[in-house]
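Chemist: Turn this into a model:
(one chain, ligands or ions: 1)
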Amino acid sequence: MNVIRASVLGYCAGVRRAVDIALHEAASASHKVYTVGPLIHNPAVLERLKSRGVMVSEEESEADTAVTPVRQDDVAIIRAHGITPKSEERLRERGFRITDATCPKVKKNQMLAKELAETGYRVFLAGEKLHEEIIGIQGYAPGSIVVEDAIQAMQSARALYAEQPAVKTALIAQTTISIDDYTAISETLQTVFPAIMICNTICSATRERQDAIRSLCKKADAVIIAGGRNSANTRHLLAVAESVCAAAYAASGVCKPVILVEHAREIPSSFLEGTVYKTIGISAGASTPDDIIDEVERTLRGCRRLPGSRRRARPRQPADSTRQGDPRNAHPK
Ligand code: SF4
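Modeler: Sure thing, here's the model as predicted:
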């Protein structure tokens, strides 16, 4: 059995930066360190951070009581997906020292939404209503309208047009939305508001991983995606792979299964037998650490250590390493 990796997979620069910032704070602080909500959507990484003393504060919920009283210099790290300005203000009022690990690309999206709202645009946000990034951006653009798919886009656009036919409109994407979904939403909105300003704010890391998995699906007989089930970009990778494999089935009758695992131990036996699939492809969401991807590959290959894994390691930090210097100075590409 061959095992191949997608050409781009795993940690994106924004997630790596956020994890590095949290580890840096945990290593250097004598005070308590909290993340505002889960730092990223990967349970293994959250466990690792917890073991280093980084606690999670659910700032929007009653669980707030778990972190009070705040001692002087206790740190609140804003997650990679960002938070609303109101939440940030509330944290400051409570006495936290804020460390902002919002991905610079998400921050750019927040500023864009703010500028558009302040200049009279009605902003549509294409993404998941309950995703932290979308909730955070909404805080910067009061009155923005979240649409999750083309059907919602049509309903919301018609309702807005009925009230304000001459309103200026703009569309911003959640950075991790699938390109196909964004295209469908933008084309739908244009049928109602032909002059809508379409802002291409999908992160290149998302595009690269989606392109890579399309190519992987063509080469593999089965595909494993490693990542958190509550990770939006991991779920989008799953959706892209399923759609490519469904199209292959319709065209040739060849069935290529696609599965999502959070850990290697979840890999089903049919993938491990070595006789069912000739080539298995591996991809991973942008919040999946390197060691989980390695573990999946090791398990598929049926050996404890990847031959030559050291030599093949990419020039990047392992998930739980701490860089010299302050990682807040690092920026995603
Ligand atoms: S996917 Fe892109 S926008 Fe999202 S955290 Fe990673 S680098 Fe930032």
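Chemist: Tell me the buried residues in the longest helix seen in the chain?
Modeler: Under DSSP state H, the helix in the chain containing the largest number of residues is helix 232-252. Burial within helix 232-252, assessed by neighbour count using 16 or more other CB atoms under 10 Å, is assigned to A232, N233, T234, R235, H236, L237, L238, V240, A241, E242, V244, C245. C-beta here means a position set from N, CA and C on the backbone, and glycine is covered the same way.
Chemist: do stretch 144-156 as well
Modeler: Result for stretch 144-156 [16+ other CB under 10 Å]: buried residues S144, I145, V146, V147, E148, A150, Q152, A153, M154, S156.
Chemist: how about the residue nearest to L49 when sequence neighbours are not counted, what does it touch?
Modeler: On the basis of CB to CB, 6 or more residues apart in numbering, the spatially nearest residue to L49 that is not a chain neighbour turns out to be A22, at 5.6 Å. With CB atoms under 8 Å, 6 or more residues apart in numbering as the criterion, the residues that contact A22 are V33, T35, L39, L49, R52, V54, I77, A101.
Chemist: And the pLDDT for A22?
Modeler: Looking at A22, its pLDDT reads 94.
Chemist: Would you mind measuring from it to the ligand?
Modeler: As defined by CB to the nearest ligand atom, to the nearest Å, A22 lies at a distance of 14 Å from the ligand.
Chemist: Which secondary structure element is home to that residue?
Modeler: helix 13-28 (DSSP states H and E).
Chemist: Just the CA trace of that helix, in CSV.
Modeler: In CSV, the C-alpha atoms belonging to helix 13-28 read as follows (Å, rounded to 0.1, in the frame of the first residue of the first chain):
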residue,chain,number,x,y,z
ALA,A,13,0.8,30.3,9.6
GLY,A,14,-1.9,31.9,11.7
VAL,A,15,-2.6,28.9,13.8
ARG,A,16,1.1,28.1,14.3
ARG,A,17,1.6,31.7,15.4
ALA,A,18,-1.3,31.6,17.9
VAL,A,19,0.0,28.3,19.5
ASP,A,20,3.5,29.7,19.7
ILE,A,21,2.2,32.9,21.4
ALA,A,22,0.3,30.8,24.0
LEU,A,23,3.3,28.6,24.7
HIS,A,24,5.5,31.6,24.9
GLU,A,25,3.2,33.3,27.4
ALA,A,26,2.9,30.0,29.4
ALA,A,27,6.7,29.6,29.6
SER,A,28,7.4,33.2,30.6
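Chemist: Could you list every helix and strand in contact with the helix or strand just after that helix?
Modeler: Following helix 13-28 in sequence order, the next helix or strand is strand 33-36 (DSSP H and E). Taking 3 or more CB pairs under 8 Å, 6 or more residues apart in numbering; DSSP states H and E as the contact definition, the neighbouring helices and strands of strand 33-36 are helix 13-28, strand 54-57, strand 75-78.
Chemist: so of these, which one's packed in deepest?
Modeler: Each of the helices and strands packed on strand 33-36 was scored by mean neighbour count; the highest is strand 75-78, a mean of 24, by mean count of other CB atoms under 10 Å.
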